[in-house]
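Asks: Predicted coordinates and the sequence they were generated for:
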Amino acid sequence: MIPLTHMLFFTTALFLIGLYGALTRRNAVGILMSIEIMLNAVNINLIAFSRSLDISAEVAQIFVIFVIVLAAATAAVGLAIVLSIYRNQKTIYTDEIDLLKW
Amino acid sequence: MTLFGSIGTISLYGILFALLITAILTVTVRNLFHSAIFLAFTLLGVSIVYFFLRAEFIAGVQILLYAGAIMTLVIFAIMLTSRISDPSVSQSNHQRFPVLILIVLLGSFLILAIAKTPWQISTSLKTTNAIELGKALMGEFVFPFELVSIVLLIALVGAVVVARSDR
Amino acid sequence: MDQIFVSIKHAILNLAQTFLPDWTIILLSILISVTAIAVFGPVTMMYLTLLERKLVGRIQNRYGPNRVGFWGLLQPLADGVKMLTKEDIVPANADKFAHFLAPVVIVIPALLIFAVIPFGRGMVAVDLSIGILFFLALSSTTTIWIFVAAWASRNKFSLLGGMRSIAQMISYEIPMVLSIVPVLLVVGSFSTVSIVEAQSGLNWFVFTPWGFVGFLLFFLTGVAEVNRTPFDLPEGESEIVAGFHTEYSGMKFALFYMAEFMNTFSISAIVATLYLGGWQGPFLPSWIWFFIKTYALIFVMMWFRGTLPRLRVDQLMGFAWKFLLPLALVNILVTGIWLEFKTPLNHVVTFAILAFCLTVLYLVNKPEIPKKRIYRYAYQD
């Protein structure tokens, strides 16, 4: 419906917004949210390519399903780690967790 | 029909623009809870983009998993790890300016690379439906499918073990 | 008579085609469907509230509302006027943005589900190829907005109600999704139109063993998803004031109420579509059959409300994880057996397996009733 290059510009912008969030957020949960934005940008990229180029549509969509599922697993384990850090140090700001052993 | 097609195009551009705005709000808002709400909107917007790209099954899975399940996890984690004095604390560390420069450089490089590549747009736009996906998952891709289910099992058990209280 | 609504819509479109260009016809047809749903949804919700109050009143041996208009028929209008003119109180400490956003966004999935429900032969708003998946996805997004409403109110009772609500809704989602799988196995497609057409005549899915168990499973989990009695712990009126919508008044409370009743209607409609044969039926027009089945299920839900006490939170979770989930898995297995071995013994074998599984699960989950205590007093000999 719109040219492929415009879609790719959009996903590049989304990916870079997620990258900005992952590199500048202090809060660990905020970093995880930015990583989810990055993964979504990649997924849109895959579907846009499969629609316009000569890649078979099943491969791209199965790839996207696997990325979504693994992002869910990442979020689950990551948030469990954040919870256990909070329980020990009472903080989740990444610049306050600076001890190698507590 | 061309005017109707252009209504579709205009609305797609509008949704892409709104998605960029909600994504920017997600990464810059101070209050973490509001940031999670904007993330939920971003994920719903991404699923609308999938509907436009005729990948309907993926759109349904995106709403079901991302906006339904992962957002519940994220909001629970925010609720369990929040402090009362949160909104007055700055949410961005002091690396803001170097990261902005990096993003501008990286962005211009990527956009130049995308604009200069000769994409071979094929004339037949491919779509697929859930039945073909099911056959491919059980046929050609059965090994990654089983592997991903084992990874999910490990992640589930691992998350429960890590988040258990130490008593 | 069967196609009366479809022919009305075609008549309007033909009338418009004489003096409007072609592309507006498509827009007009979309607009007619959307207007029909947007009028039908809230009007249904209003008269469902009246039906519930009169029914629960009769069960409790009293009349329901019968003063406003004949038989209380204008009561929903009076309720609407009351809710519109009430003062909109927002607590001083509340998170204003989230407090405002939660009731607005919670109505959106409730309305969107109406787009895939087949109201009659050829009367579905959008024939999506992923109809049932769309319904499942939208009903699972409701959970976080309930929690946003609870968290933004900064109220202990709201938070407690919100957490119980999330625990209940995500626990009951899994048996709900698993109880839809047998229907998908037999039909082979997600689209609601093809699911209804696969139950032609009178061989509805509910008359088969796996269909009957699946119907009960899906209906019970649907009642739990909508937060109705006996699963209405999140908004239990005698326990935690009003749960997650304690701090909402006026139009925002009306939006929550509207979302709950529209969800009730759409869950009943989807149960009727999946298991009871949708609009299939012998003599009457298709849409009359659909409304009969849907309103019969809504009547059963309101009957539950007037009769059953509320489940405790551990009973609720135990019911979902220890009883419904294994039953749903065995149901899928039994459907596979039904499809693969097409012998005349199918009914007997599947019925036997399901009966065995039900008995085992019942015996495993029997509640622990402690023995009657015998008191001995010091001065008694």
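Replies: Cool, got the structure.
Asks: Spit out the contact partners of the residue nearest to residue B:132 when sequence neighbours are not counted.
Replies: Closest residue to residue B:132 apart from its sequence neighbours, by C-beta to C-beta, 6 or more residues apart in numbering or on different chains: residue A:58 at 5.7 Å. Heads up, the C-betas are built off the backbone N, CA and C, glycines and all. Taking C-beta atoms under 8 Å, 6 or more residues apart in numbering or on different chains as the criterion, residue A:58 is in contact with B:128, B:132-133, B:136.
Asks: tell me what the helix or strand hosting residue C:14 is packed against?
Replies: Using DSSP states H and E, residue C:14 maps to helix C:4-17. Contact partners of helix C:4-17 among helices and strands, from 3 or more C-beta pairs under 8 Å, 6 or more residues apart in numbering or on different chains; DSSP states H and E: helix C:22-59.
Asks: how close does the residue nearest to residue B:132 sit to residue B:66?
Replies: For residue A:58, the distance to residue B:66 equals 21 Å [C-beta to C-beta, to the nearest Å].
Asks: So the most centrally placed residue in chain B: helix, strand or coil?
Replies: Centroid check for chain B by C-alpha atoms, centre = their mean gives residue B:43 as the closest residue, at 5.3 Å. Recorded secondary structure, residue B:43: helix (DSSP: H, G, I helix; E, B strand; the rest coil).
Asks: Let me know the angle separating the helix holding residue C:14 from helix C:22-59.
Replies: Helix C:4-17 and helix C:22-59 are oriented at 150 degrees to each other (axes from the mean of the first three to the mean of the last three C-alpha atoms, to 10 degrees).
Asks: got a list of what the residue of the stretch 201-350 of chain C at minimum distance from chain B touches?
Replies: Per C-beta to the nearest C-beta, residue C:225 is where the stretch 201-350 of chain C lies closest to chain B, at 12.0 Å. For residue C:225, the contacting residues are C:139, C:169, C:172-173, C:176, C:263, C:267, by C-beta under 8 Å, 6+ apart.
Asks: where's residue C:128, which helix or strand?
Replies: Using DSSP H and E, residue C:128 falls outside every helix and strand.
Asks: Now do it against residue C:265, distance only.
Replies: Distance from residue C:128 to residue C:265, by C-beta to C-beta: 19 Å.
Asks: So for stretch C:255-267, mean pLDDT?
Replies: Mean pLDDT, stretch C:255-267: 89.
Asks: How is chain B partitioned into domains?
Replies: Domain ranges of chain B: B:1-83, B:129-167, per automatic domain parsing.
Asks: most packed of those?
Replies: Mean neighbour count (mean count of other C-beta atoms under 10 Å in any protein chain shown) peaks for domain B:1-83 among those, with a mean of 20.
Asks: that older thread, tell me which of residue C:128 and residue C:265 has more neighbours.
Replies: Between residue C:128 and residue C:265, counting by other C-beta atoms under 10 Å in any protein chain shown, residue C:265 is the more crowded of the two (24 against 21).
Asks: and the more buried one, what does it touch?
Replies: C:41, C:44-45, C:48, C:294, C:298.
Asks: Just the pLDDT for residue 42.
Replies: No chain in the question, so chain A it is. 95.
Asks: To clarify, I was referring to chain B.
Replies: 95.
Asks: How about it, nearest residue that isn't a chain neighbour?
Replies: In space, residue B:42 is closest to residue B:22, 4.7 Å off (C-beta to C-beta, 6+ apart).
Asks: is it true that the one you found touches residue B:45?
Replies: Yes - contact criterion C-beta atoms under 8 Å: residue B:22 and residue B:45 qualify, at 6.4 Å.
Asks: I'd assumed residue C:305 was in contact with residue C:223.
Replies: No - here residue C:223 lies out of contact with residue C:305, judged by C-beta under 8 Å, at a distance of 9.5 Å.
Asks: okay, these two: which has more neighbours?
Replies: Shown here are residue C:223 and residue C:305; by other C-beta under 10 Å, residue C:223 has more neighbours (24 against 17).
Asks: Please tell me how far the residue nearest the centre of chain C sits from residue C:97.
Replies: By C-alpha atoms, centre = their mean, the mean C-alpha position of chain C lies nearest to residue C:267, the distance being 2.8 Å. With distances taken as C-beta to C-beta, residue C:267 is found 30 Å from residue C:97.
Asks: what does residue C:121 give?
Replies: 45 Å.
Asks: In terms of neighbours, single out the busier of those two.
Replies: A count of neighbours by other C-beta under 10 Å puts residue C:121 above the other of residue C:121 and residue C:97, at 20 against 15.
Asks: got the contact list for the more buried one?
Replies: C:2-3, C:279, C:286-287.
Asks: Quick check: the two most widely separated of those residues?
Replies: Between any two of these, the greatest separation by C-beta to C-beta is 11.5 Å, found for C:3 and C:279.
Asks: Chain B against chain C: which residues are in contact?
Replies: Residues of chain B lying near chain C by C-beta under 8 Å from any C-beta of the partner chain: B:1, B:3-4, B:31, B:33-34, B:37, B:40, B:44, B:56-57, B:59-61, B:63-64, B:67-69, B:71-72, B:75-76, B:79, B:129-131.
Asks: near chain A too, which of those residues?
Replies: B:57, B:61, B:69, B:76.
Asks: check which helix or strand covers the last one.
Replies: Assigned by DSSP H and E, residue B:76 belongs to helix B:71-80.
Asks: Going toward the C-terminus from that helix, what's the next helix or strand?
Replies: Using DSSP H and E, the helix or strand that follows helix B:71-80 in sequence is helix B:96-116.
Asks: in that following helix, what's buried?
Replies: Residues of helix B:96-116 classed as buried by neighbour count (16 or more other C-beta atoms under 10 Å in any protein chain shown): B:99, B:103, B:107, B:110-111, B:114.
Asks: before we move on, what about stretch A:60-67?
Replies: Quick answer for stretch A:60-67 (16+ other C-beta under 10 Å): A:60-66.
Asks: Any part of that stretch near chain B?
Replies: Yes - contact of stretch A:60-67 with chain B (C-beta under 8 Å from any C-beta) involves A:61-62, A:64-66.
Asks: Please work out how many residues are found near residue C:220.
Replies: Neighbours of residue C:220 (other C-beta under 10 Å): 21.
Asks: What's the per-residue pLDDT of it here?
Replies: Listed pLDDT for residue C:220 reads 93.
Asks: could you dump the strand or helix carrying it to CSV, C-alpha only?
Replies: In this assignment (DSSP H and E), residue C:220 forms part of helix C:209-225. Only the C-alpha atoms of helix C:209-225 are listed here, as CSV (Å, rounded to 0.1, in the frame of the first residue of the first chain):
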residue,chain,number,x,y,z
PRO,C,209,-19.8,-35.6,24.1
TRP,C,210,-16.8,-33.4,23.5
GLY,C,211,-19.0,-30.5,22.5
PHE,C,212,-21.1,-30.7,25.6
VAL,C,213,-18.1,-30.7,27.9
GLY,C,214,-16.5,-27.9,25.8
PHE,C,215,-19.7,-25.9,26.0
LEU,C,216,-19.8,-26.2,29.8
LEU,C,217,-16.1,-25.3,30.0
PHE,C,218,-16.4,-22.3,27.7
PHE,C,219,-19.5,-21.0,29.4
LEU,C,220,-18.0,-21.2,32.9
THR,C,221,-14.8,-19.6,31.9
GLY,C,222,-16.7,-17.0,30.0
VAL,C,223,-18.7,-16.2,33.1
ALA,C,224,-15.4,-15.9,35.0
GLU,C,225,-13.9,-13.6,32.4
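Asks: how far out from the middle of the chain is that helix?
Replies: Helix C:209-225 sits 11 Å away from the centroid of its parent chain (C-alpha atoms, centre = their mean, to the nearest Å).
Asks: Kindly report the same for stretch C:272-280.
Replies: 15 Å.
Asks: which ones are touching the closest residue to residue B:128 other than its chain neighbours?
Replies: Of all residues not flanking residue B:128 in the chain, residue A:57 sits nearest, at 4.2 Å (C-beta to C-beta, 6+ apart). Applying C-beta under 8 Å, 6+ apart to residue A:57 gives the contacts A:50-51, B:55, B:126-128.
Asks: which among these end up buried?
Replies: A:50-51, B:55, B:126, B:128.
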